[in-house]
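1. coords please:
(2 chains)
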2 protein chains.
Amino acid sequence: MEFSSKLLENAVYEMSQLPGIGKRTALRLVLHLLRQPESQTINLASALTTLRKDIKFCKKCHSISDLEICHICSNPNRVQDTICVVEDIRDVMAIESTSQYRGLYHVLGGKISPLDGVGPHDLAIASLVERAKSGEVSELIFALSATMEGDTTNFYIYKLLKEVTIRTSTIARGIGVNDELEYADEVTLGRSIINRIPLEQALKSS
Amino acid sequence: MEFSSKLLENAVYEMSQLPGIGKRTALRLVLHLLRQPESQTINLASALTTLRKDIKFCKKCHSISDLEICHICSNPNRVQDTICVVEDIRDVMAIESTSQYRGLYHVLGGKISPLDGVGPHDLAIASLVERAKSGEVSELIFALSATMEGDTTNFYIYKLLKEVTIRTSTIARGIGVNDELEYADEVTLGRSIINRIPLEQALKSS
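-> Below is the predicted model:
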């Protein structure tokens, strides 16, 4: 791609550094901004800069927060002895939107992935073990993705906790509530048979 | 979507104002920036702001340029009496990349589209008519997209030029050079039959 303007080229280059945004898409986005009022670009630039500079992570659960302790950790109505372990804040948002969970969270910041250069020390694992050992926690719910990296991370943390008497669980994997069996992938369907639950319990939760 | 941080919510909101970027994608992009060094966010923000503030359009052809007159308009080796009329700078870049065109351009900045609130006065049409009437131009090549809006724009300009003795042409539409006839859409195939060219001419240009 040959540009007639260094300013344009530079803006397109920086935009194309974002994941999933190629050069062509970047050019389309930048040209869009040029057609909009200047304020839109200023607002975008300042929102990103302010976030990046002033970003805070909750000292307890490591979730993104504008306060030292996030609104979930500081809420006395939440169940204080249950911690759900997740990869990032999107998982917190997804679980919160179900209104089915009243405990606390622990945001690892990713999962162990040697291929991506992410080791245990890049994640908030030490502070999770500390919380688990504090005596204030009775159950850890693992909600990492069911990939090799997620399983590795689960297993790594599980080993660290083997001397701690604490209940550990993982969220149920199975066929989605409105999904048809015939379209389900085999691994999921297989797991949902192995981990079947008493009918009575299912009827109660529906 | 419920956010635990106003800063995050604001950054996601501004990012999702870009075309084709929904709230979920915006969140993914913003979280990516948070994991990268701060410099990446600063560079992106400053590249966009600088472009938006210092952007210049060539006084002759209205293409984006860092100079008053762009490098194509100011190049004495370009054919000065031929102007190719395009919608935006992406079309200039596409045509330039073919190395087949040695004339000048005129960037309209869009096409007439009442549904999108774009009328003739929002486009660089008056200055095109002025250039056409200057006596320095012998041919206008219309390279707008072959949509209703493109055709409307072509026709609108064509009417304005009816008293000007100037050659007008439009780029050839037809089956792509490496495309198979059986996969071509009917309109394109139909046009390429109606607008067939002498075999001798085709052999020369291949």
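2. Burial check on A:L189, number of neighbours?
-> Burial measure for A:L189: 16 neighbouring residues, criterion other C-beta atoms under 10 Å in any protein chain shown. All C-beta atoms are positioned from the backbone trio N, CA, C, and that covers glycine.
3. helices and strands around the longest helix belonging to chain A, which ones?
-> For chain A, the helix with the greatest residue count under DSSP state H is helix A:38-54. When contacts are defined as 3 or more C-beta pairs under 8 Å, 6 or more residues apart in numbering or on different chains; DSSP states H and E, helix A:38-54 packs onto helix A:23-35, helix B:6-15, helix B:23-35, helix B:38-54.
4. for that helix, which positions count as buried?
-> A:40-42, A:44-45, A:47-49, A:51-52 (16 or more other C-beta atoms under 10 Å in any protein chain shown).
5. again with stretch A:179-190
-> Result for stretch A:179-190 [16+ other C-beta under 10 Å]: buried residues A:L189.
6. got the residue ranges for the helices in chain A?
-> Remark: helices assigned in chain A by DSSP H are A:6-15, A:23-35, A:38-54, A:89-96, A:125-133, A:148-160, A:186-194, A:199-205.
7. can you list those helices in CSV and add distance to B:E68 and mean pLDDT?
-> Below are the helices of chain A laid out as CSV (distance: least, C-beta to C-beta, whole Å; pLDDT from 0 to 100):
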stretch, distance to B:E68, mean pLDDT
helix A:6-15, 14, 96
helix A:23-35, 18, 94
helix A:38-54, 20, 96
helix A:89-96, 47, 93
helix A:125-133, 58, 95
helix A:148-160, 54, 93
helix A:186-194, 62, 85
helix A:199-205, 70, 79
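8. Format the ones you listed as TSV; extra columns: distance to B:A143.
-> Listed next are the helices of chain A as TSV, based on distance: least, C-beta to C-beta, whole Å:
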stretch	distance to B:A143
helix A:6-15	20
helix A:23-35	17
helix A:38-54	29
helix A:89-96	44
helix A:125-133	58
helix A:148-160	49
helix A:186-194	51
helix A:199-205	62
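9. Among these, show me which one is buried the most.
-> helix A:6-15 (a mean of 20; mean count of other C-beta atoms under 10 Å in any protein chain shown).
10. Can you tell me what sits against it?
-> A:1, A:3, A:21, A:23, A:26-27, A:29-30, B:40, B:43-44, B:47-48, B:50-51, B:54-55, B:64, B:66, B:89 (C-beta atoms under 8 Å, 6 or more residues apart in numbering or on different chains).
11. Spatially, which residue comes closest to A:G174, not counting chain neighbours?
-> Excluding the flanking residues, the one nearest A:G174 by C-beta to C-beta, 6 or more residues apart in numbering or on different chains is A:S192, at 3.2 Å.
12. gap between the one you found and A:A202?
-> 11 Å (C-beta to C-beta, to the nearest Å).
13. Then A:M1?
-> 56 Å.
14. and what of A:S169?
-> Taking C-beta to C-beta, one finds A:S169 at 17 Å from A:A202.
15. Please apply the same query to A:V129.
-> A:V129 sits 34 Å away from A:A202, going by C-beta to C-beta.
16. before we move on, the earlier item: farthest-separated two in the buried residues of helix A:38-54?
-> Within the buried residues of helix A:38-54, two members stand farthest from each other by C-beta to C-beta: A:Q40 and A:R52, at 18.9 Å.
17. wait, A:L44 sits on B:L48?
-> Yes - here A:L44 reaches B:L48: they are 6.7 Å apart, a contact under C-beta atoms under 8 Å.
18. what's the domain layout of chain A?
-> Domain assignment for chain A by automatic domain parsing gives A:6-54, A:64-171, A:175-206.
19. ok so, going back, the residue nearest to A:G174 contacts A:G176, doesn't it?
-> No - taking contacts as C-beta under 8 Å, A:S192 lies outside contact range of A:G176: 9.9 Å.
20. if we can go back for a sec, minimum distance to B:T165: which of the helices and strands packed on helix A:38-54 has it?
-> B:T165 sits nearest to helix A:23-35 of all the helices and strands packed on helix A:38-54, at 34.7 Å, using C-beta to C-beta.
21. Now the closest one - C-alpha only, CSV.
-> C-alpha atoms of helix A:23-35 as CSV (Å, rounded to 0.1, in the frame of the first residue of the first chain):
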residue,chain,number,x,y,z
LYS,A,23,-4.2,-2.5,6.8
ARG,A,24,-7.3,-2.2,4.6
THR,A,25,-9.7,-2.2,7.6
ALA,A,26,-7.4,0.3,9.4
LEU,A,27,-7.5,2.6,6.3
ARG,A,28,-11.3,2.4,6.3
LEU,A,29,-11.5,3.2,10.0
VAL,A,30,-9.1,6.1,9.7
LEU,A,31,-10.9,7.6,6.6
HIS,A,32,-14.1,7.3,8.6
LEU,A,33,-12.7,9.4,11.4
LEU,A,34,-11.6,12.0,8.9
ARG,A,35,-15.2,12.4,7.7
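22. roughly how far is that helix from the heart of the chain?
-> Centroid separation for helix A:23-35 versus its chain: 29 Å, with C-alpha atoms, centre = their mean, to the nearest Å.
23. now for it, which elements pack on it?
-> Checking 3+ C-beta pairs under 8 Å, 6+ apart, helix A:23-35 ends up next to helix A:6-15, helix A:38-54, helix B:38-54, helix B:89-96.
24. got these as JSON lines, with distance to A:E182 columns?
-> Below are these laid out as JSON lines (distance: least, C-beta to C-beta, whole Å):
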{"stretch": "helix A:6-15", "distance to A:E182": "43"}
{"stretch": "helix A:38-54", "distance to A:E182": "45"}
{"stretch": "helix B:38-54", "distance to A:E182": "45"}
{"stretch": "helix B:89-96", "distance to A:E182": "45"}
